[in-house]
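Engineer: Could you look at this predicted model? Sequence included:
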Amino acid sequence: MTTAPFDLELLTELTEERGVPGYEDRVRDLVRREFEASVDRVRTDAMGNVVGTLDGDSEYSVAVAAHMDEIGFMVRHVRGKEGEFGFLELDALGGWDARVLKAQRVTVHTEDGDLPGVIGSPPPHTLDEEERETPPEVEDVFVDVGLPVEEVRERVSPGDLVTMAGTTELVGETVTGKALDDRVCLFAMLEAARRIEDPDVTIHFCATVQEEVGLRGARALGVDVDPDLAVALDVTVANDVPEFDEGEYVTSLGAGTAIKLKDSSVITSPKVHRRLRSVAEAEGIDHQFEVLPAGGTDTAGFQHTAGAKPVGAISVPTRYLHTVTETAHVDDVAATIDLLTAFLESEDGEHDYAL
């Protein structure tokens with residue numbers, strides 16, 4: 001079996017923890033714990049963003065961002081008749097494809113502790129032809145916690161959170177689980193912070209909130225941190241599976257870390273992505289280029305709010321995004337850590353990123 005060339009225990013802890021948009025507290029605690037031994041100071045803002053700062057020898061500063069939140073749900077209603085079972089109606093937190101939700105196990109996070117549940121799915125042979133052909137809607141999803149409605153109402157309240165249940169596992173040469181988006185990049189950022197000891201420039205390692213609902217944490221943090229250069233880390237599409245043509249892959253697993261050229265929210269600064277490429281080539285780090293047709297990242301959040309600043313992005317190629325089986329190649333994860341570390345260690349504030 002393949003072994004991970006990095007701290008798989010920490011990555012597992014990060015990915016299996018709960019942290020939906022606006023409620024990233026459990027992940028935030030892990031990030032602060034890891035920062036304590038690797039940065040000079042740590043602060044948390046009013047939104048919940050965490051910034052771990054390594055002081056450099058110059059006033060030039062770089063912000064590195066990876067988001068803590070995962071897509072999930074909030075309970076909006078408990079339904080059921082007296083004497084019958086109770087079911088939870090949900091409101092989505094982030095972008096879900098309803099097709100992947102049926103027959104999944106979930107965890108309901110209540111004030112009195114976590115409660116297991118399942119998203120119901122009727123047997124296909126009980127559906128008529130129209131029902132089988134009608135695409136599911138997220139609004140139609142409900143959670144069955146296997147309890148009478150009276151007990152459900154005692155234990156679950158509107159506003160309680162729901163996340164997908166799942167473990168993080170090595171599968172062949174890959175690691176798979178829930179919330180690799182974006183905990184695998186959060187992990188890469190924490191690993192880089194651990195490796196870098198005496199940077200020439202000040203580095204702000206930013207663990208952001210609410211990316212999945214509109215880059216909200218990064219937009220606020222861009223004002224507070226106001227860096228000279230920003231680099232975001234996020235997962236990206238890897239459609240290198242049978243149902244897609246090669247031109248639709250975007251990236252491929254095992255081909256290295258991805259240097260972003262564009263997505264639907266940002267066109268990265270040419271001089272920044274060219275330097276990322278030159279660093280990768282000089283260090284012998286496997287890499288590929290990402291042109292993502294749709295989707296946005298914290299890169300745009302920093303560019304919009306921090307003014308006309310150069311921005312770049314590094315991505316981990318990932319299959320099956322926004323599902324409970326998100327899958328990345330262990331070598332691509334390692335390459336992402338290596339490139340981020342080498343880029344930051346070689347940043348001296350003297351590179352000309354102006355156009």
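Structural biologist: Arrived safely, thanks for sending.
Engineer: OK, contacts around V279?
Structural biologist: If you count contacts by Cβ atoms under 8 Å, 6 or more residues apart in numbering, V279 has them with 285, 339, 342-343, 346. Every C-beta, even on glycine, is put in place using the N, C-alpha and C of the backbone.
Engineer: Show me what P148 is bridged to.
Structural biologist: F85 (DSSP bridges).
Engineer: one step back: quick one, which of the contacts of V279 are buried?
Structural biologist: Neighbour-count burial (16 or more other Cβ atoms under 10 Å) applied to those gives 285, 339, 342-343.
Engineer: Tabulate those residues (CSV), appending pLDDT and secondary structure.
Structural biologist: What follows is these, written out as CSV (pLDDT from 0 to 100; DSSP: H, G, I helix; E, B strand; the rest coil):
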residue, pLDDT, secondary structure
I285, 98, coil
L339, 98, helix
A342, 98, helix
F343, 98, helix
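Engineer: for those, which one is nearest L88?
Structural biologist: Taking Cβ to Cβ as the measure, L88 lies nearest L339 of the buried ones among the contacts of V279, at 42.5 Å.
Engineer: Mind jotting down where the helices sit in the stretch 151-300 of the chain?
Structural biologist: 180-195, 216-225, 270-283, 298-305 (DSSP state H, counting those that start in this stretch).
Engineer: tally of neighbours for G120?
Structural biologist: The local packing of G120 (other Cβ atoms under 10 Å) involves 14 other residues.
Engineer: And the contacts of stretch 138-150?
Structural biologist: By Cβ under 8 Å, 6+ apart, stretch 138-150 touches 73, 78-90, 92, 96, 98, 101, 106, 108, 115-120, 152, 155-156, 162.
Engineer: one more time with 6 Å, if that's ok
Structural biologist: Outside stretch 138-150, the residues within contact range by Cβ atoms under 6 Å, 6 or more residues apart in numbering are 80, 84, 86-90, 92, 96, 98, 101, 106, 115, 117-120.
Engineer: same thing with stretch 66-80?
Structural biologist: The contact list for stretch 66-80, computed with Cβ under 6 Å, 6+ apart, reads 19-21, 24, 27, 86-94, 149, 152-153, 156, 158, 160-163, 179, 182, 185-186, 189, 207-212, 233, 298, 322.
Engineer: PyMOL command to pick out the buried ones of the residues you listed?
Structural biologist: Buried residues within these, by 16+ other Cβ under 10 Å, are selected in PyMOL with:
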select buried, resi 19+20+21+24+27+86+87+88+89+90+92+93+94+149+152+156+160+161+162+163+179+182+185+186+189+207+208+209+210+211+212+233+298+322
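Engineer: how about the buried ones among the contacts of V279 in a markdown table, adding distance to D240?
Structural biologist: Formatted as a markdown table, these follow (distance: Cβ to Cβ, whole Å):
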| residue | distance to D240 |
| --- | --- |
| I285 | 20 |
| L339 | 20 |
| A342 | 26 |
| F343 | 25 |
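Engineer: of those residues, closest to V266?
Structural biologist: Looking across the buried ones among the contacts of V279 and measuring by Cβ to Cβ, the closest to V266 is F343, at 17.7 Å.
Engineer: which of the contacts of V279 lies closest to V62?
Structural biologist: Proximity of those to V62 (Cβ to Cβ) peaks at F343, which lies at 9.0 Å.
Engineer: hmm, which helix or strand of this structure has the shakiest average pLDDT?
Structural biologist: helix 129-133 (a mean of 66; mean pLDDT, DSSP states H and E).
Engineer: give the contact list for the nearest residue to L215 once chain neighbours are set aside.
Structural biologist: Among residues not flanking L215 along the chain, G301 sits closest, at 3.8 Å (Cβ to Cβ, 6 or more residues apart in numbering). Counting by Cβ under 6 Å, 6+ apart, G301 touches 215, 218-219.
Engineer: Leaving out chain neighbours, which residue sits closest to the most centrally placed residue in the chain?
Structural biologist: With distances taken as Cα atoms, centre = their mean, the residue of the chain nearest its centroid is D182 (1.4 Å). Once flanking residues are discounted, D182 sits nearest to H67: 4.7 Å by Cβ to Cβ, 6+ apart.
Engineer: Check L11 too.
Structural biologist: Using Cβ to Cβ, 6+ apart, the closest residue to L11 is F187 (4.7 Å).
Engineer: roughly how far apart are that neighbour and E9?
Structural biologist: 11 Å (Cβ to Cβ, to the nearest Å).
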